[in-house]
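In: sharing a model prediction with you, sequence too.
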Amino acid sequence: MPTLTPEMVPGLVAGGASCRMDVDVAPKFKVGDTVKARDINPVSHTRLPRYIRGRTGRIARDHGVFAFPDTSAASGTHCDPQHVYSVRFEGSELWGNHANANACVYIDLFDDYLDSA
Amino acid sequence: MAHDHAHNAPPSETAMRVKALETLLTEKGLLDPAAIDALVETYETKIGPRNGAKVVARAWTDPDYKQRLLEDGSAAIAELGFSGVQGEDMVVVENTDDVHNLVTCTLCSCYPWPTLGLPPIWFKSAPYRARSVIDPRGVLEEFGVELSDDIEVRVWDSSAELRYLVLPQRPAGTEGLSEDELAALVTRDSMIGTALVEAPAS
Amino acid sequence: MNGIHDMGGMQCMGPIVREENEPQFHEEWEGRVFGMFFTNFAEGHFNVDMFRHAIERMGPAEYLETSYYEHWLHVYETVLVERGILTQAEIDDKIESLREEGGS
């Protein structure tokens, strides 16, 4: 790889490095589906937080196809492309009786984090 | 950025570790210090919440733009030239009379750099990351934002590569203001969701 | 991993401390650490997921007691050695020689 020079900085900063992958992968879910986050506990990298695992939510938006961080962290290259969804979880589902009134969490989750519920 | 004290006090252990790494990588031809100078200058002078404020002001004054912004945040923000690292895939969420949005990142400190700049320390801090999802109303109160229970609070936890910008509500009494004047009212915190935009004092 | 970084829902972490007119960088070294994210990324030393995981692998007490840019510095010191770009001895020797020179 070429060493980053000052001349390359504006292009890099403005262009970025999207983790979106231009591949045709079928989504497992559609907007409105009820899903349950898997109860996974890998010692390796994951972007599925503990407070979401095992909880049930609803698909609010399909963001398209992105590299899967759990495997990309290990391999060093973007891999395992799959759909990422904005999933809505009601406060009471996450925090029971201690939830704030009329509050919810939207979180971005990969296909491999979700099962149908 | 001037750091006069750096020339008087001995450098901290951390500063020494940083200097050691930069020196070694430079000696091996893997780093050009001038590139780091350029990056620091870029993020200190060109990239910050004034960019996001221009997006908000455009959305307040141009209904077609607002519609594009809410449908495809990345493309609409690119129209104003604020794309790039940590803003590659943007989602804009709108505050209304019925909904208030709050952005967080519980796992690290994901934040939309091209529109808001680098995150403030409080956004990266354990108290904010921990509480924002379990007690968003308490967090908002700590920031001076009290919302009635009939306003739904939506917390956006940036757990993947989407980055979130809040489109705050335009304050009443600003009908006569220009787009630039409106942009001047928009604060960083209002685009994270921890503040509302205030009308100018008359 | 079920680490300290996974903070959503934890309680009693204290007040949210804010700073008026906060600068982008508080110390000069923070800007250097920030910039090294780009230079190391451009060299192909890590991707963003490896970067985050290296932070997650910090000890929990160290994670909580150090700042954001110290976390980033920890990534470089860890990953560059793991990938054989630098050795720990090289880093230690360089720190020692800088200290003898009286700093920067």
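Out: Now that the structure is in, tell me what you want to look at. Numbers count the residues shown, from 1 in each chain, chains lettered A, B, ... in the order given.

In: hang on, C:His5 packs against B:Leu107?
Out: Yes: counting by CB atoms under 8 Å, B:Leu107 is a contact partner of C:His5 at 6.0 Å. Yep, even glycine has a C-beta here, placed from its N, CA and C like the rest.

In: which SS class is A:Tyr106?
Out: In three-state terms, and counting by DSSP: H, G, I helix; E, B strand; the rest coil, A:Tyr106 is strand.

In: distance of it relative to B:Leu162?
Out: 10 Å (CB to CB, to the nearest Å).

In: between these two, what contacts are shared?
Out: A:Ser86 (CB atoms under 8 Å, 6 or more residues apart in numbering or on different chains).

In: buried set for the helix or strand bottoming out on mean pLDDT in chain A?
Out: Least confident helix or strand, chain A: helix A:69-75 with a mean of 93, by mean pLDDT, DSSP states H and E. Neighbour counts over helix A:69-75 (16 or more other CB atoms under 10 Å in any protein chain shown) mark A:69-73 as buried.

In: show me what the following helix or strand past it is in contact with.
Out: Scanning forward in sequence from helix A:69-75 by DSSP states H and E, the next helix or strand is strand A:82-90. Residues from elsewhere that reach strand A:82-90 (CB under 8 Å, 6+ apart): A:25, A:27-29, A:35, A:37, A:52, A:55-66, A:68, A:99, A:104-112, A:114, B:91, B:160-162.

In: just the buried residues of the residues you listed.
Out: Counted by 16+ other CB under 10 Å, those give A:27-29, A:35, A:37, A:52, A:55, A:57-59, A:63-66, A:68, A:99, A:104-112, A:114, B:91, B:160-162 as buried.

In: out of the residues you listed, who's near chain C?
Out: A:52, B:161 (CB under 8 Å from any CB of the partner chain).

In: out of the buried ones among the contacts of strand A:82-90, which are inside strands?
Out: Counting by DSSP state E, these place A:35, A:37, A:57-59, A:63-66, A:104-110, A:114, B:91 in strands.

In: quick check: mean pLDDT of the helix ranked longest in chain B?
Out: Assignment by DSSP state H gives helix B:13-27 as the longest helix of chain B. Mean per-residue pLDDT for helix B:13-27: 96.

In: do stretch B:61-80 as well
Out: 98.

In: export it to PDB, keeping only CA atoms.
Out: Extracted as PDB, the C-alpha positions of stretch B:61-80 are listed here (Å, rounded to 0.1, in the frame of the first residue of the first chain):
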ATOM      1  CA  THR B  61     -36.200  26.000   4.200                       C
ATOM      2  CA  ASP B  62     -36.500  23.500   1.400                       C
ATOM      3  CA  PRO B  63     -39.200  20.900   1.700                       C
ATOM      4  CA  ASP B  64     -38.000  18.900  -1.300                       C
ATOM      5  CA  TYR B  65     -34.500  18.800   0.200                       C
ATOM      6  CA  LYS B  66     -35.900  17.700   3.600                       C
ATOM      7  CA  GLN B  67     -37.800  14.800   1.900                       C
ATOM      8  CA  ARG B  68     -34.600  13.700   0.100                       C
ATOM      9  CA  LEU B  69     -32.700  14.000   3.400                       C
ATOM     10  CA  LEU B  70     -35.000  11.700   5.300                       C
ATOM     11  CA  GLU B  71     -35.300   9.200   2.500                       C
ATOM     12  CA  ASP B  72     -31.500   9.000   1.600                       C
ATOM     13  CA  GLY B  73     -29.400  10.900   4.100                       C
ATOM     14  CA  SER B  74     -26.100  10.000   2.500                       C
ATOM     15  CA  ALA B  75     -27.100  11.400  -0.900                       C
ATOM     16  CA  ALA B  76     -28.800  14.500   0.400                       C
ATOM     17  CA  ILE B  77     -25.900  15.400   2.600                       C
ATOM     18  CA  ALA B  78     -23.500  14.800  -0.300                       C
ATOM     19  CA  GLU B  79     -25.400  17.500  -2.200                       C
ATOM     20  CA  LEU B  80     -23.900  20.000   0.300                       C
END
